[in-house]
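K.L.:
Pasting a predicted model and its sequence here:
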Amino acid sequence: MADFRKILVRKRVALVAHDNKKTEMMAWAEQNRAILAQHQLYGTGTTGRMLEEVLDLPVIKLLSGPLGGDQQLGSLIAEGKIDVLIFLWDPMAAQPHDPDVKALLRLCVVWNIPMACNRATADFMLSSPLIHEDYESHQTDYSAYLNRKM
């Protein structure tokens, strides 16, 4: 595993929202359209379609989360093809795909990519000067975990 992964100035930003957070996501995205327009956008299911309509920007649309979209996104993160995740998840509603959501959030930590799970954190991320420049994301060496005997 490399010591770092270069995240380019034009970020690949994944936007995900549970049903009860979709309205909040659309309002947030509309408020931040100028910044989001500078990046490549990805979205799962309905969120991706709604974002494309609200923002009038292209969004690479994956499957709906419960149908595998969260896993598709996790795969893209592991392959180094997603740089930022903004996932407005609903902490009050049980989701049929909760294990997939937890796995997705875990992968963001493993691959050290910025992740926002609420609007305030998303605001801080987009207002950071780092969103407008290349960034070296330091990677943890997990090889010791791979070589452990169970």
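P.N.:
Here it is on my side, so go on. Here the structure is a predicted model, which means the values were calculated and not measured.

K.L.:
Give me the mean pLDDT for stretch 80-96.
P.N.:
The average pLDDT for stretch 80-96 rounds to 89.

K.L.:
Flag every buried residue along that stretch.
P.N.:
G80, I82, D83, V84, L85, I86, F87, L88, W89, Q95 (16 or more other CB atoms under 10 Å). All C-beta atoms are positioned from the backbone trio N, CA, C, and that covers glycine.

K.L.:
Need the residues you listed in TSV (columns: distance to Q40 and secondary structure).
P.N.:
Below are the buried residues of stretch 80-96 laid out as TSV (distance: CB to CB, whole Å; DSSP: H, G, I helix; E, B strand; the rest coil):
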residue	distance to Q40	secondary structure
G80	13	coil
I82	9	coil
D83	9	coil
V84	10	strand
L85	13	strand
I86	13	strand
F87	17	strand
L88	19	strand
W89	22	coil
Q95	26	coil
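
K.L.:
contacting residues for the residue most central in space within the chain?
P.N.:
Computing the C-alpha centroid of the chain and ranking residues by CA atoms, centre = their mean puts L85 first, at 1.7 Å. Residues in contact with L85 (CB atoms under 8 Å, 6 or more residues apart in numbering) are V13, A14, V16, L73, I77, L104, C108, I113, P114, M115, A116.

K.L.:
Out of the residues you listed, which comes closest to L67?
P.N.:
Of all the contacts of L85, the one with the least separation from L67 (CB to CB) is L73, at 12.2 Å.

K.L.:
Wasn't that closest one part of a helix?
P.N.:
Yes - checked against DSSP: H, G, I helix; E, B strand; the rest coil, L73 lies within a helix.

K.L.:
ok, now how distant is the residue nearest to the centre of the chain from I77?
P.N.:
Look at L85 and I77: by CB to CB, to the nearest Å, they are 7 Å apart.
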